[in-house]
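Q: Sequence and predicted model, in that order:
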Amino acid sequence: MTDFDYDLFVIGGGSGGVRAARTASQAGARVALAEESRMGGTCVIRGCVPKKLMVFASGFPEQIEDARAYGWDAGIGSFDWPSFRKQLHVELDRLEQVYCSVLDKFGVERFDQRARLTGPHEIELADGTRKSAKHILVAVGGHPVRPPFANAELGLVSNDMFLLEELPRRMLIVGGGYIGCEFACMMAGMGVDVTMYLRGGQILNGFDEECRGLVAEMMRAQGIDIHTGTTIVEMDRADAEDHMPRGAGSDAAMGTPAEFNPHPDDHLGGNPKSDTARQAGCPVWVKSTNGREDTFDHVLFATGRAPSTKDMGLEEIGVELGRRGEIVVDEYSQSTVPSVYAIGDVTGRVELTPVAIREAMAFTRTVFMGEKTPVDYDTIPSAVFTRPELGTVGLTEEQAQERGGIDVYCTSFRPMKQSFAGRSGRTLMKLVVDKETQVILGAHIVAPEAAEMIQLVGIAVKAGLTKQQLDATCAVHPTSSEELVTMSAPSRSG
Ligand code: NDP
């Protein structure tokens, strides 16, 4: 029998990797974990956690305005970004320490350096040390990508947003997915003048049409200038002569296809040098397909993320990668090399932290506890932290319509708190129900705190409850979510 240094070597200290390392160790395995950047990964260091803290920060002006409407003598004052940013990073440092302590407590050996695969059972660390393991788990996540055109490196990506020295006065956000819409609302809430370019006709592709429409309307009402069917054709430093893109006419001006990413370290906490260059850089001049030329303090590319599989040694040892560079795995997260598993964003399945955590636990059960456990990807609730939030679970009305035989229960109203404050904001609640069985196929909420609501109604949808079973629950009055159990007649059927 071969003697390995470890039973499990995890590469990547994000939510998925840390959970797998901890649970495998608890199951009796000898475990090591390597992380090249900061422990906690995208979610904790440059994603969900700092984002949510920024969402809180950006919500106060509205709350203070509401407070005045409710009789408080409250002043809005100004927002001190450097002070908030300092406190934000104190909190991220604290959380990083929590992650390190968890691994230490459960006896996981930590290597604070990059690791790559040099064999089906072998890992090479950045300092040249080689380690062997019976199983290797790749949980290195993904990184934001810029579109492939000249000078795209002048734009920021989401990682950079948490490191800005100062808030921009005007910014352009390219892309209308989760990240683009969330940053648009956060920045607008903090007083930044935000313009958005969408290459398509609407924000939040793939979400329920009516909900997308309402969120877009509410975003516009906050002053966010959304341009549909619009992309950048040229960009340059605003102080460049004639605003001509550098390298025009050369290969560089054509951009480099697919994997173009001028900052290979974007998937990390950020290279201090390149971050500083972009953050302190001069305003950016942009020419767009709508003929408009404009100058912004910053351009943010929120144009999607890609799996961080480059230079990991994966293909060299026979691990199959997909079209986007994702590791191809089976339902047990096993790659085409039997000793190599992968979980989280690096597999390009569902790019959400709780999903990576579930994949980690299923991996531990399968490999170290003798219970083959596939991950259940059916009916995953999620939320977009726009203002108002959008919570969603199950089929959209459009997806359900393709199947046919549905009832749609929908209500839209001005919530009591906002109505009293004289706000025009509307809330929308929608249940998509199978006409014959009355099983709820999908639930969609646009409302303040929709993320909290969808977590709970998601239980009913996941459990396959019917509309009648939902209605059998007595309403909690007065709340917005009581509408979910009091919609008596379908708004339409399909
Ligand atoms: P998304 O795929 O959600 O959105 C990407 C956006 O960029 C889309 O609007 C897309 O347009 C647009 N786009 C893509 N390429 C180009 C291009 N070349 N030029 C112009 N526009 C372009 O990616 P995100 O980066 O927003 O988020 C990545 C993932 O991270 C999400 O899918 C989600 O799983 C996860 N996430 C989850 C969050 C949450 O749970 N709250 C928060 C943040 C991220 P089009 O629609 O036309 O394709």
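A: Noted; the coordinates are in hand. Just so it is clear, the model here is predicted, and its values are computed rather than measured. Numbering: from 1, shown residues only.

Q: Pull the contacting residues for residue 122.
A: Contacts here follow C-beta atoms under 8 Å, 6 or more residues apart in numbering; on that basis residue 122 touches 130, 131, 132, 133. Where you see a C-beta, it was placed from the backbone N, CA and C, and this is true even at glycine.

Q: For it, give the beta-bridge partners.
A: Applying DSSP bridges to residue 122 gives these bridge partners: residue 119, residue 132.

Q: And residue 442, by the same measure?
A: residue 394, residue 432.

Q: and the host helix or strand of residue 58, how far from the chain's centre?
A: Following DSSP states H and E, one finds residue 58 within helix 48-69. With C-alpha atoms, centre = their mean, to the nearest Å as the basis, helix 48-69 stands 19 Å off its chain's centre.

Q: which residues are in contact with the next helix or strand after it?
A: Moving toward the C-terminus from helix 48-69, the next helix or strand (DSSP H and E) is helix 81-105. Identification of contacts with helix 81-105 by C-beta under 8 Å, 6+ apart yields 13, 18, 21-22, 33, 38-40, 44-45, 49-50, 53-54, 57, 110, 162-167, 190.

Q: Let me know the pLDDT of the closest residue to the ligand within the stretch 151-300 of the chain.
A: Distance from the ligand to each residue of the stretch 151-300 of the chain (C-beta to the nearest ligand atom) is smallest for residue 177, at 1.9 Å. Note for residue 177: predicted pLDDT of 98.

Q: Excluding chain neighbours, what is closest to it?
A: Leaving aside its sequence neighbours, residue 177 sits nearest to residue 302 (C-beta to C-beta, 6 or more residues apart in numbering; 6.4 Å).

Q: Quick check, that neighbour in contact with residue 186.
A: No - the pair residue 302 / residue 186 is not scored as a contact, 11.7 Å apart, by C-beta atoms under 8 Å.

Q: averaged over its residues, what pLDDT does the helix holding residue 58 have?
A: In this model, helix 48-69 has a mean pLDDT of 97.

Q: Which of the three states applies to residue 325?
A: Local secondary structure at residue 325 is given as coil here, using DSSP: H, G, I helix; E, B strand; the rest coil.

Q: Please, where are all the strands along the stretch 101-250 of the chain?
A: 109-111, 115-119, 122-125, 130-138, 142-144, 170-174, 193-197, 225-227, 232-237 (DSSP state E, counting those that start in this stretch).

Q: ok, the last one: who's next to it in the sheet?
A: Just to be clear, that refers to strand 232-237. Applying DSSP bridges to the sheet, strand 232-237 is found paired with strand 284-288 (antiparallel).

Q: what angle separates the strand it pairs with from strand 193-197?
A: Taking axes from the mean of the first three to the mean of the last three C-alpha atoms, to 10 degrees, one finds that strand 284-288 is oriented at 40 degrees with respect to strand 193-197.

Q: For the stretch 1-150 of the chain, which residue gets nearest to the ligand?
A: With C-beta to the nearest ligand atom as the measure, the residue in the stretch 1-150 of the chain that lies nearest the ligand is residue 147; the distance is 3.5 Å.

Q: ok, for that residue, nearest residue in space, not its chain neighbours?
A: residue 303 (5.4 Å).

Q: hang on, the earlier thing: which among the contacts of helix 81-105 count as buried?
A: Among the contacts of helix 81-105, those buried by neighbour count (16 or more other C-beta atoms under 10 Å) are 13, 18, 21-22, 33, 38-40, 44-45, 49-50, 53-54, 57, 110, 162-164, 167, 190.

Q: circling back to that earlier point, can you list the strands of the stretch 101-250 of the chain in CSV and add mean pLDDT and distance to the ligand?
A: Listed next are the strands of the stretch 101-250 of the chain as CSV, based on pLDDT from 0 to 100; distance: least, C-beta to the nearest ligand atom, whole Å:
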stretch, mean pLDDT, distance to the ligand
strand 109-111, 98, 27
strand 115-119, 98, 24
strand 122-125, 98, 27
strand 130-138, 98, 19
strand 142-144, 98, 6
strand 170-174, 98, 5
strand 193-197, 98, 7
strand 225-227, 98, 11
strand 232-237, 96, 8
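
Q: Drop anything exposed from the contacts of residue 122.
A: With burial judged by 16+ other C-beta under 10 Å, the buried subset of these is 131, 132, 133.

Q: Near the ligand, which residues of the stretch 251-400 of the chain are found?
A: For the stretch 251-400 of the chain, the residues in contact with the ligand under the definition C-beta under 6 Å from any ligand atom are 302, 303, 304, 305, 351, 352, 382, 383, 384, 385.

Q: pLDDT, secondary structure and neighbour count added to the residues you listed, as JSON lines?
A: Converted to JSON lines, these look like this (pLDDT from 0 to 100; DSSP: H, G, I helix; E, B strand; the rest coil; neighbours: other C-beta atoms under 10 Å):
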{"residue": "302", "pLDDT": "98", "secondary structure": "coil", "neighbour count": "24"}
{"residue": "303", "pLDDT": "98", "secondary structure": "coil", "neighbour count": "22"}
{"residue": "304", "pLDDT": "97", "secondary structure": "coil", "neighbour count": "17"}
{"residue": "305", "pLDDT": "98", "secondary structure": "strand", "neighbour count": "24"}
{"residue": "351", "pLDDT": "97", "secondary structure": "coil", "neighbour count": "20"}
{"residue": "352", "pLDDT": "98", "secondary structure": "coil", "neighbour count": "18"}
{"residue": "382", "pLDDT": "98", "secondary structure": "strand", "neighbour count": "19"}
{"residue": "383", "pLDDT": "98", "secondary structure": "strand", "neighbour count": "21"}
{"residue": "384", "pLDDT": "98", "secondary structure": "strand", "neighbour count": "24"}
{"residue": "385", "pLDDT": "98", "secondary structure": "coil", "neighbour count": "24"}
